[in-house]
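[1] output the structure for:
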Amino acid sequence: MTHTRRALSTVGKGLAALRHLLPLLLCLLVLAGCAKAPYTGRSQFIMVSPQQEMALGQQESRKILSKEPVKTGTDEAQRVETVGRRIAAAARRGDFRWEFHLIGKDVANAFCLPGGKVFVYEGIFKYADTDAELATVMAHEVGHAIARHGAERMSRAMMVQMGHDAAAIALGVAGGSPAAVQAFSQAYGTGANVGLMLPFGREQEYEADRIGLMLMAQAGYDPRAALDFWRKMSSAPGKRPPEFLSTHPTGQHRIAELQARMGDALRVYRPPSGK
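    Alright, predicted model coming up:
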């Protein structure tokens, strides 16, 4: 009977903790659901402030610059800088501290950290023959940054963790065993990553394509070059796709999405004077 009373007491404490946690979760859902992605107008769930996000981007940028072979003074480095500046001007984010870096590695990849820290790897020039094709890659990555996709993913991870904590309390109450709680944590962590995070990444990638197409057009780069670039990436020789392509949508679906949005991009495209 004593064991039963203790168990019931623990249950009561656990349920009380959950009752306090649920209103907090609901408030966060309401407050965080007000953001809108640029160009697409998609509602976003974001719990991270722009200042927090940019601070993390700056911190990560310093780490990368201290470890990676950054190249300066080359024609390719100048191309990255020139194309990047034009895209940044089109993005109209005066709060971003834009930087554009060329990494001297034969890897076809690029990314943009929160706050406008853009990194392009030399290997991308195997597929980006023209500045417009380079703009395709860079505008796509800038699209991720101005749409705050990193903050969006962090926010979802935070909510998963909060839900995990609440469920762990409940399991600790019911099972009474720290080992059981730990086992649940491991199982739930795997399930959360597979069930929640991966599909969300695909949505972000298509959105970055759409935003990038508009940015490159507004920056004066022919958006039709995006079709050429992605076709070249998709038909790259070898058993493994380029690094950049391995984490992005591929093939006919991507090109079809770009073609569907091409009319919007062409309407804002204005070639630089003299061209």
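
[2] could you list the buried residues of stretch 60-70?
    Neighbour counts over stretch 60-70 (16 or more other C-beta atoms under 10 Å) mark S61 as buried. Bear in mind the C-beta positions are built from the backbone N, C-alpha and C, glycine included.

[3] can I get that stretch as CSV, trimmed to CA atoms?
    Provided in CSV are the C-alpha atoms of stretch 60-70 (Å, rounded to 0.1, in the frame of the first residue of the first chain):
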residue,chain,number,x,y,z
GLU,A,60,29.7,29.6,-36.7
SER,A,61,31.2,31.8,-39.3
ARG,A,62,34.2,32.5,-37.2
LYS,A,63,34.7,28.7,-36.7
ILE,A,64,34.5,28.1,-40.4
LEU,A,65,36.9,30.9,-41.3
SER,A,66,39.4,29.5,-38.8
LYS,A,67,39.4,26.0,-40.2
GLU,A,68,38.6,26.2,-44.0
PRO,A,69,41.0,27.4,-46.7
VAL,A,70,39.5,30.7,-47.7
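
[4] next SSE downstream of the helix or strand of the chain with the lowest mean pLDDT?
    The helix or strand of the chain with the poorest confidence is helix 178-192; it has a mean of 40 (mean pLDDT, DSSP states H and E). Once helix 178-192 ends, the next helix or strand along the chain (criterion: DSSP states H and E) is helix 198-218.

[5] what's that following helix packed up against?
    Packing partners of helix 198-218 (3 or more C-beta pairs under 8 Å, 6 or more residues apart in numbering; DSSP states H and E): helix 75-91, helix 131-146, helix 149-175, helix 225-234, helix 251-268.

[6] I'd like those laid out as TSV, including mean neighbour count and distance to S61.
    Output for the helices and strands packed on helix 198-218, formatted as TSV (neighbours: other C-beta atoms under 10 Å; distance: least, C-beta to C-beta, whole Å):
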stretch	mean neighbour count	distance to S61
helix 75-91	19	14
helix 131-146	26	12
helix 149-175	17	13
helix 225-234	20	25
helix 251-268	14	28
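
[7] from S66, how far out is G41?
    39 Å (C-beta to C-beta, to the nearest Å).

[8] check A91 too.
    27 Å.

[9] please apply the same query to A151.
    Where S66 is concerned, A151 sits at a distance of 24 Å (C-beta to C-beta).

[10] now A256
    With distances taken as C-beta to C-beta, A256 is found 41 Å from S66.

[11] so Q51 is in which element?
    Per DSSP H and E: helix 50-67 holds Q51.

[12] after that helix, next one along is what?
    With DSSP H and E, the next secondary element past helix 50-67 is strand 70-71.

[13] what about that following strand, average pLDDT?
    The average pLDDT within strand 70-71 is 97.

[14] for that strand, packing partners?
    When contacts are defined as 3+ C-beta pairs under 8 Å, 6+ apart, strand 70-71 packs onto strand 99-103.
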